[in-house]
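Participant: Sequence plus the predicted model coming up.
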Amino acid sequence: MSSRAVFVLALFAPGSAFAATWTVGGESMSFDDALTSAEAGDTISVANGSYGDVVIDKAITLMGSGDAAVFSRVEVRGADAVLQDLTLSGLEIQDGAATGARLLIDGAGAEATGVRIAAEASGHFTDLEVRDFRRGGVEVAEGATFAVDGARIHGCRNEHGGAVMVAGGTATMSSVTFRSNAADGRGGHVSVEAGTVTIRGSRFVDGEAVMGGAISAQDSQITVSESGFARSRAWGDGGAIHVAGGDASIADVQAYDSNAEQGGFASFVGSQVTVSDLTTDHATAWLGGHVHTAGGVVDMTRTWMTAGTAGRGGAVAVESGTFTGRNAAWTGNDGTEAGGALYVRDGDVDLRFAVLAQNVSGLGAAVAAESGATSLSGVIAFDNAGSEALLNAGGAMSFHEGLVYGPEIDVAFGAVDVSGLVEGHPRFTNEAGGDWTLRATSPALDRAVAGELDLDGTVADMGAFGGGMAWQLPDEDGDGWAYGRDCDDTDATVHEGAADSPYDGVDADCDESDDFDADRDGYTSSQFGGDDCDDFSALTHPGADERSLDAYDQDCDGLLDVDADGDGFSEGVDCDDSDASVWPGADDSYYDGVDSDCAGNDDFDADGDGDAAESAGGTDCDDLDPTVHGDAVERADDGIDQDCDGVDLVSEDEQQLADEGGEANMVGEAASSVGSDEPNRVGVTLGCTHTGAPGSGGAGFTVVLALAGLTVLRGRR
């Protein structure tokens with residue numbers, strides 16, 4: 001340890017003696033001579049070097065003047081001594097009081113105690129370092145006092161209290177870093193037995209013991225505040241803190257990665273304990289992933305427990321006694337056998353204003369109680385899973401004024417007295433990020449909970465931030481609305497209930513609605529790219545029920561839907577709103593010129609083949625057969641005139657036979673008529689006229705037929 005250059009002036013005051021400074025080292029006197037010569041109030045300044053063991057029995061100041069003033073061991077007897085800028089291998093205060101500043105007490109692995117304060121003696125230190133002792137860093141006997149502000153105690157081990165052992169004495173420790181200390185029994189860093197200990201602003205890292213990996217208190221009074229714990233291990237109870245009997249107060253404490261058999265972070269047995277503003281993350285135990293209580297009275301306010309794992313009680317396990325919890329956020333814990341967040345074996349449990357979220361268990365996804373009496377009020381149970389029952393009640397259980405939400409959970413409470421529950425999403429500010437404050441749109445806001453009020457004077461909210469003892473949330477813009485219910489805490493005009501002007505892109509009232517949906521009907525105004533044709537009427541939007549006879553377009557389809565003829569079909573749908581017999585789906589008779597069913601088809605085309613009947617000026621010779629019309633494809637030899645040209649198509653072979661038979665018949669008839677007085681009658685065969693060979697007289701025969709007034713049918717097209 002580096003020393004500080006110090007000089008002392010001889011002082012004189014009325015009624016006082018001169019104070020001398022004795023310099024040791026170099027050409028100066030020896031240390032023994034200086035110690036012999038010094039009187040009460042004098043100072044001995046030592047240069048660099050090693051000075052062996054020293055016994056100080058005078059009220060003097062011993063100070064180093066260089067970087068390496070080393071003493072083997074210093075013992076203070078019966079006087080007030082001041083030690084500064086020294087390196088020691090041990091310090092023992094037998095009686096009187098010793099004050100130290102900038103001391104390094106290095107055991108180098110020795111089977112010794114670094115600082116021993118005997119009964120009724122006291123030691124007060126600043127900037128103290130104690131390291132590497134095998135019988136404890138600091139030992140405080142009954143009636144003794146140990147006070148330190150600013151210290152590092154590390155690498156020490158002891159049966160109880162690897163760093164500090166207080167047995168019936170008093171210790172006050174501020175701004176101390178405890179690192180890599182261990183105990184074979186209780187208190188890896190600090191053990192207190194029938195004593196009083198106050199610890200503030202300190203860090204506990206890598207401590208291990210059988211009971212209380214960091215701190216163990218037996219029948220004592222202990223206060224721990226503004227401190228942090230990391231990687232604490234206990235083979236029995238209390239990974240970081242174990243309290244048995246006595247009183248304990250724990251406030252503003254954070255812990256990470258704690259492990260024990262019972263109470264991964266803390267175990268309280270038969271004690272009077274108050275806990276406030278506790279945050280623990282990643283804790284493991286068989287019973288009570290974060291906290292285990294048995295007997296006594298435990299009162300916990302504003303606690304945050306995340307990622308705990310236990311056989312029973314992923315966050316908290318209560319075996320007996322009285323447990324009260326207020327303003328709790330116990331989330332992401334796993335009670336493998338029972339109680340994802342809370343397990344109760346016996347005792348009285350009262351949990352108010354809590355969020356039990358995303359916990360998992362095979363029995364009681366949120367809470368399991370084998371016996372005792374458990375009361376939940378103002379609790380939000382959100383997205384817990386594993387068990388079909390959210391709550392499992394073996395003892396008396398009640399759940400009042402709470403909210404339940406969870407797609408994987410049957411709301412099956414068993415024998416639970418239930419009242420005032422709300423089902424639905426609680427609308428947390430950001431559950432994915434672990435922010436369990438409530439948005440301004442949450443159904444859990446301002447719900448009557450046991451007649452309590454929130455900090456803002458309104459009816460208490462459900463959840464971890466309800467009631468008068470909740471965390472004080474920030475109000476950065478000073479508008480009177482705290483974070484969560486103020487969705488922009490940098491703008492005093494934005495908060496729950498503020499006046500919200502539409503179309504400015506600002507959600508001033510924090511209701512999460514579309515700022516371009518003025519009537520809040522869920523549809524954006526058509527003026528801003530939406531399809532709501534009237535953004536000031538919540539009854540008007542696409543999909544709204546259309547009302548007839550009001551001359552108003554409710555469904556934004558662009559039509560004034562009036563039903564003038566009263567047939568139930570409005571204008572725009574009814575193709576003739578002046579005739580009650582005309583409407584979509586009505587019976588439609590053909591050939592009356594009325595489209596009764598509003599189908600839009602040709603009323604003179606019954607078969608729908610696209611060709612009107614001949615009677616209506618079309619070319620369809622059969623308006624009941626869609627295969628027959630003026631443009632149909634003719635099929636040969638079927639006796640049907642598909643294309644309505646007056647003849648049926650005849651194939652080539654059939655036509656030849658018809659032609660040959662007809663010609664022979666006509667020649668025979670002509671011969672038989674010679675000399676007869678009767679006119680000549682010629683039968684006509686349908687099809688093409690056969691002209692015969694050149695010179696056969698066919699052409700002349702055709703002329704004869706024409707002159708006889710016979711009609712020649714049209715041949716094939």
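Facilitator: That came through, no problem. Numbering: from 1, shown residues only.
Participant: How far does stretch 204-219 sit from its chain's centre?
Facilitator: Its chain's C-alpha centre and that of stretch 204-219 lie 33 Å apart, by CA atoms, centre = their mean, to the nearest Å.
Participant: Can you tell me the number of residues neighbouring residue 539?
Facilitator: A total of 12 residues lie near residue 539 under the criterion other CB atoms under 10 Å. Glycine gets a C-beta too; all of them are placed from N, C-alpha and C.
Participant: same question, the one 5 residues further on
Facilitator: Residue 544: 19 surrounding residues under other CB under 10 Å.
Participant: Tally up the residues packed near the residue lying closest to it once chain neighbours are set aside, please.
Facilitator: Nearest in space to residue 544, with sequence neighbours left out and distances taken as CB to CB, 6 or more residues apart in numbering, is residue 554 at 4.5 Å. Burial of residue 554, expressed as a neighbour count using other CB under 10 Å, amounts to 19.
Participant: The one 5 residues further on too?
Facilitator: Residue crowding around residue 559 was assessed by other CB under 10 Å; the count is 13.
Participant: the helices in this structure, which residues?
Facilitator: 31-37, 652-672, 698-707 (DSSP state H).
Participant: between those helices, which gets the lowest average pLDDT?
Facilitator: For the helices of the chain, the stretch scoring lowest in mean pLDDT is helix 698-707; its value is a mean of 32.
Participant: coming back round to it: right, and the residue nearest to residue 544 touches residue 538 too?
Facilitator: No - taking contacts as CB atoms under 8 Å, residue 554 lies outside contact range of residue 538: 10.9 Å.
Participant: quick revisit: enumerate every residue touching the residue nearest to residue 544.
Facilitator: For residue 554, the contact set (CB atoms under 8 Å, 6 or more residues apart in numbering) comprises 539, 540, 544, 545, 546, 547, 561.
Participant: give me every residue that touches residue 62.
Facilitator: Contacts were defined as CB under 8 Å, 6+ apart; by that measure residue 62 touches 43, 44, 46, 54, 56, 74, 81, 82, 83, 84, 86.
Participant: Of those residues, select the buried ones using a PyMOL command.
Facilitator: Here is the PyMOL command that selects the buried residues among these (16 or more other CB atoms under 10 Å):
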select buried, resi 43+44+46+54+56+74+81+82+83+84+86
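Participant: CSV for the contacts of residue 62, including pLDDT and distance to residue 131?
Facilitator: Listed next are the contacts of residue 62 as CSV, based on pLDDT from 0 to 100; distance: CB to CB, whole Å:
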residue, pLDDT, distance to residue 131
43, 96, 27
44, 95, 25
46, 93, 22
54, 94, 20
56, 95, 23
74, 96, 17
81, 96, 22
82, 97, 22
83, 96, 17
84, 96, 19
86, 95, 15
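Participant: mind listing which of the contacts of residue 62 are in strands?
Facilitator: Members of the contacts of residue 62 lying in strands (criterion: DSSP state E): 43, 44, 46, 54, 56, 74, 81, 82, 83, 84, 86.
Participant: which one among those residues gets closest to residue 512?
Facilitator: Within the set of those, residue 84 lies nearest residue 512; the separation is 63.2 Å, counting by CB to CB.
Participant: What residues are bridge-paired with that closest one?
Facilitator: Here residue 84 sits in beta bridges with residue 63, residue 101, going by DSSP bridges.
Participant: surely it meets residue 100?
Facilitator: Yes - at 7.2 Å, residue 84 and residue 100 qualify as touching, with contact defined as CB under 8 Å.
Participant: Residue 567 contacts residue 573, correct?
Facilitator: No - if you go by CB under 8 Å, residue 567 and residue 573 don't touch, sitting 10.3 Å apart.
Participant: hmm, back to that, so for the residue nearest to residue 544, what's the pLDDT?
Facilitator: Per-residue pLDDT puts residue 554 at 84.
Participant: any idea how far it is from residue 278?
Facilitator: Applying CB to CB, to the nearest Å, the value for residue 554 to residue 278 is 57 Å.
Participant: And for residue 398?
Facilitator: If you go by CB to CB, the gap between residue 398 and residue 278 works out to 25 Å.
Participant: swap in residue 608?
Facilitator: Distance, residue 608 to residue 278, by CB to CB: 82 Å.
Participant: cool, residue 319 as well?
Facilitator: The spacing between residue 319 and residue 278, counted by CB to CB, is 20 Å.
Participant: Same check on residue 566?
Facilitator: Here residue 566 is placed at a distance of 74 Å from residue 278 (CB to CB).
Participant: So the two - more neighbours on which side?
Facilitator: Set side by side, residue 566 and residue 278 give different neighbour counts by other CB under 10 Å, the larger being at residue 278 (22 against 10).
Participant: Contacts only, for the closest residue to that one other than its chain neighbours.
Facilitator: For residue 278, the nearest residue in space outside its immediate sequence neighbours is residue 303; the separation is 4.6 Å by CB to CB, 6+ apart. Residues in contact with residue 303 (CB under 8 Å, 6+ apart) are 275, 276, 277, 278, 279, 280, 325, 327, 328, 329, 330.
Participant: from these, which is closest to residue 290?
Facilitator: Minimum distance to residue 290 across these is 4.8 Å, recorded for residue 280 (CB to CB).
Participant: On the pLDDT front, check that closest one for me.
Facilitator: The pLDDT attached to residue 280 in the predicted structure is 98.
Participant: burial of it, as a residue count?
Facilitator: For residue 280, the count of nearby residues is 28 (other CB under 10 Å).
Participant: go on, residue 537?
Facilitator: 15.
Participant: ok, it touching residue 519?
Facilitator: Yes - contact criterion CB under 8 Å: residue 537 and residue 519 qualify, at 5.8 Å.
Participant: can you pick the most crowded of the contacts of residue 303?
Facilitator: Going through these with other CB under 10 Å as the criterion, the one with the most neighbours is residue 330, at 31 neighbours.
Participant: now that one, nearest residue through space, not along the chain?
Facilitator: Closest residue in space to residue 330, ignoring its immediate chain neighbours: residue 315 at 3.9 Å, by CB to CB, 6+ apart.
Participant: ok, that neighbour - contacts?
Facilitator: Contacts for residue 315 were tallied using CB under 8 Å, 6+ apart; they are 288, 289, 290, 291, 305, 308, 330, 333, 341, 342, 359.
Participant: for the chain, longest strand please?
Facilitator: Selection of the longest strand in the chain by residue count, based on DSSP E, yields strand 297-312.
Participant: and it, what's its mean pLDDT?
Facilitator: Averaged over strand 297-312, pLDDT sits at 98.
Participant: Buried ones in that strand, by neighbour count?
Facilitator: So strand 297-312, judged by 16+ other CB under 10 Å, has buried residues 297-298, 300-312.
Participant: Confirm for me that residue 594 is in contact with residue 586.
Facilitator: No - in terms of CB under 8 Å, residue 594 does not count as a neighbour of residue 586; the distance is 9.7 Å.
Participant: Could you check which of those two has the larger neighbour count?
Facilitator: The residue with more neighbours, out of residue 594 and residue 586 and counting by other CB under 10 Å, is residue 586; that gives 18 against 15.
Participant: per-residue pLDDT, that one?
Facilitator: Residue-level confidence at residue 586 comes out at 84, pLDDT.
Participant: Flag the shaky bits of the stretch 51-200 of the chain, pLDDT-wise.
Facilitator: Judged against pLDDT under 70, the low-scoring parts of the stretch 51-200 of the chain cover residues 66-67.
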